[in-house]
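Asks: okay, predicted coordinates and the sequence, questions at the end:
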Amino acid sequence: MRIAVISDTHNRLPPQLPARIAAADEIWHLGDVCAPAILNALEQLGKPLHVVLGNNDFYHWPLVLRREIAGVRCWLVHIPPVVAPPECDLLLHGHTHIPRDETLGAVRWLNPGAITYPKGGSAASFAWLTFEGGQPPVWKIVPL
């Protein structure tokens, strides 16, 4: 399974992004969508779209989504918690606008960076999260 992970679009969806993630099996948006109309282009790809509420969103999206893929327990949230929940293997978050791939204890913390307003010297980016045949998940940051 190949998942396109994006965050922090802040009312902007680069016109090339839908074509670049069209091969995804699912799309995960980690919050700060701001204008739900930008999700239309992602929904038109016909893939399952999962969205969590960001601190700049005012809609009825959940604060947290839990997904289990190939036995890996994923926790999707916008603002990273201080401590990961015990039922979590991968914690995916946005908010910081800085890409992340860090293992703390038994939990891998992942951030795709930001579509808009990247920070820390990073470029605007999204990420691919790939699950294959019992192998550990593969995380790849992709600059826009």
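Replies: Done, it's in.
Asks: from Asp8, how far out is the closest residue to Arg12 other than its chain neighbours?
Replies: Closest residue to Arg12 apart from its sequence neighbours, by C-beta to C-beta, 6 or more residues apart in numbering: Thr116 at 4.9 Å. For the C-beta atoms, the positions are set from N, CA and C on the backbone; glycine is no exception. Separation of Thr116 from Asp8 (C-beta to C-beta, to the nearest Å): 6 Å.
Asks: could you do Pro85 as well?
Replies: In terms of C-beta to C-beta, Pro85 sits 22 Å off from Asp8.
Asks: quick one: which of these two has more around it?
Replies: Using other C-beta atoms under 10 Å as the criterion, Pro85 and Asp8 rank with Asp8 on top: 28 against 13.
Asks: which phi and psi values does the more buried one adopt?
Replies: With angles defined as degrees, to the nearest 10, Asp8 sits at phi 50, psi 60.
Asks: can you pull the contacts of the residue nearest to it when sequence neighbours are not counted?
Replies: Closest residue to Asp8 apart from its sequence neighbours, by C-beta to C-beta, 6+ apart: Ala114 at 3.8 Å. By C-beta atoms under 8 Å, 6 or more residues apart in numbering, the contact list for Ala114 reads Ser7, Asp8, His10, Gly94, His97, Ile98, Ser122, Ala124, Ser125.
Asks: let me know the closest of the residues you listed to Leu42.
Replies: Distance to Leu42, by C-beta to C-beta, is smallest for Ser7 among the contacts of Ala114, at 12.8 Å.
Asks: wait, doesn't the closest one sit right on Gly94?
Replies: Yes: using C-beta atoms under 8 Å, Ser7 makes contact with Gly94 at a distance of 3.0 Å.
Asks: need the overlap of contacts for those two.
Replies: Listed as contacting both Ser7 and Gly94 by C-beta under 8 Å, 6+ apart are Leu30, Gly31, Asp32, Gly54, His78, Asn111, Pro112, Ala114.
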